[in-house]
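>>> Fold the following for me, if possible:
(one chain, ligands or ions: 2)
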Amino acid sequence: MKFEFFRSSQITTDCDRCGGPADMLKGGVCTRCRRILCYQHLHGSWVRRLLADLGAGTVCADCRAGRPPVAAGSAASGVRE
Ligand SMILES: [Zn+2]
Ligand SMILES: [Zn+2]
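Residues are numbered from 1 along each chain as shown. Ligands and ions are numbered 1, 2, ... in the order given. Presented below is the predicted three-dimensional model:
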């Protein structure tokens, strides 16, 4: 149930990176590290936002840079870099 949180009518949550408001219409969830991120930390630029909209996949700036965050328990979930 990866879209479970979408059941809420609230579309703004906290960015896992900066703790600021993450508008789900602009930001979103990284498909690689599963963090909820604001527009700035997910896409970083309108170019990436465009690519994501075109189906390139939504991967956050950190994962693209090859430095995904160390998530607690990620080793057991089979998440690969
Ligand atoms: Zn952020
Ligand atoms: Zn990521």
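
>>> CA only for contacts and neighbour counts going forward, please
Will do.

>>> starting at the chain centroid, how far to stretch 22-32?
Distance of stretch 22-32 from its chain centroid, counting by Cα atoms, centre = their mean, to the nearest Å, is 5 Å.

>>> try stretch 35-52
8 Å.

>>> Next: stretch 17-36.
Worked out by Cα atoms, centre = their mean, stretch 17-36 lies 4 Å from the chain centre.

>>> quick one: terminal-to-terminal distance for that stretch?
8 Å (Cα to Cα, to the nearest Å).

>>> Any buried residues in it, and which?
For stretch 17-36, burial by neighbour count (16 or more other Cα atoms under 10 Å) applies to 17, 21-24, 27-30, 32-33, 35-36.

>>> Rounded mean pLDDT for that stretch, please.
Stretch 17-36 carries an average pLDDT of 91.

>>> Give me the contact status of that stretch with ligand 2.
Yes. Using Cα under 5 Å from the ion, stretch 17-36 reaches ligand 2 at 30, 32, 33.

>>> now the second one, nearest residue through space, not along the chain?
What that stands for is residue 32. residue 59 (6.1 Å; Cα to Cα, 6 or more residues apart in numbering).

>>> My read is that the one you found contacts residue 28, right?
No. Counting by Cα atoms under 8 Å, residue 59 does not reach residue 28; the two are 9.6 Å apart.

>>> Quick check: neighbours shared by those two?
residue 42 (Cα atoms under 8 Å, 6 or more residues apart in numbering).

>>> lowest-confidence helix or strand of the chain?
Least confident helix or strand of the chain, by mean pLDDT, DSSP states H and E, is strand 12-14 with a mean of 85.
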